[in-house]
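Participant: Give the three-dimensional model of this entry:
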Amino acid sequence: MTAPPGLGKRRRRPYTRPMSDLPMIGPLLVRLLGPARAALAQEFLRFGVVGTVGFVVDTTVLYGALALGAGLYGGRAISYVTAATTTWLLNRLWTFRNRAGGTSAHRQWALFVIVNLGGFALNYGTYAALVTFVPLVAAWPVLGVAAGSIAGMFSNFFLSRALVFAPR
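Facilitator: Numbers count the residues shown, from 1 in each chain. I've put the predicted structure just below:
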């Protein structure tokens, strides 16, 4: 008697390339931290690179909005949404590419924006406080954007990893 097809056989999970694929850095991190922690560290590094791109987009759009008369606060709201959309897409395609399956792009983008509201509050709150109370930052808003980005980065990473790009 033979078993029905599929019974009695172990299911194999599809192969996914480990996150130790960052040239030079990946193998070093694996040696220093072990595979699991190295994977987390490399995701965080990728997240940081994407965040840097987001910072450039954020700053560029902010200065463009300021040139069009949007003001320091309205311009920053526009630039933040643009940067958040950019970073969501890059994180989906690169940072968390092995974790992002099963969720539609529209739903995931909405979840990304909702989950990152805490990071947004830290980011925008830091920016607004610095622009309001530090004349140097009001004159050079890029300093406020940088400080806000750093303030929100850690919460955005861990919330995005756990809730938005969690394996399904």
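
Participant: need the longest helix for this structure.
Facilitator: Determined from DSSP state H, the single longest helix within the chain is helix 35-67.

Participant: Return the helix or strand in the chain with minimum mean pLDDT.
Facilitator: Using mean pLDDT, DSSP states H and E, the weakest-scoring helix or strand in the chain turns out to be helix 25-33, at a mean of 85.

Participant: got the CA coordinates for that helix in PDB?
Facilitator: Below are the C-alpha coordinates for helix 25-33, written out as PDB (Å, rounded to 0.1, in the frame of the first residue of the first chain):
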ATOM      1  CA  ILE A  25      31.000  43.200   5.800                       C
ATOM      2  CA  GLY A  26      28.600  40.100   5.800                       C
ATOM      3  CA  PRO A  27      31.200  37.400   6.400                       C
ATOM      4  CA  LEU A  28      33.000  39.500   9.100                       C
ATOM      5  CA  LEU A  29      29.700  40.100  10.900                       C
ATOM      6  CA  VAL A  30      28.900  36.400  10.700                       C
ATOM      7  CA  ARG A  31      32.300  35.600  12.300                       C
ATOM      8  CA  LEU A  32      31.900  38.200  15.000                       C
ATOM      9  CA  LEU A  33      28.200  37.900  15.800                       C
END
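
Participant: which helices and strands does the longest helix of the chain pack with?
Facilitator: Applying 3 or more CB pairs under 8 Å, 6 or more residues apart in numbering; DSSP states H and E, we find helix 35-67 packed against helix 25-33, helix 72-90, helix 141-159. No exception for glycine: its C-beta is placed from N, CA and C like everyone else's.

Participant: The least confident helix or strand of the chain versus helix 35-67: what angle between them?
Facilitator: Relative orientation of helix 25-33 and helix 35-67, computed by axes from the mean of the first three to the mean of the last three CA atoms, to 10 degrees: 130 degrees.

Participant: and helix 25-33, which residues are buried?
Facilitator: 26, 29, 30 (16 or more other CB atoms under 10 Å).

Participant: quick one: it to chain centroid distance?
Facilitator: Averaging C-alpha coordinates over helix 25-33 and over its chain gives two centres that are 22 Å apart (CA atoms, centre = their mean, to the nearest Å).

Participant: on that earlier part again, to residue 135, which of the helices and strands packed on helix 35-67 lies closest?
Facilitator: When the helices and strands packed on helix 35-67 are ranked by distance to residue 135, counting by CB to CB, first place goes to helix 141-159 at 11.1 Å.
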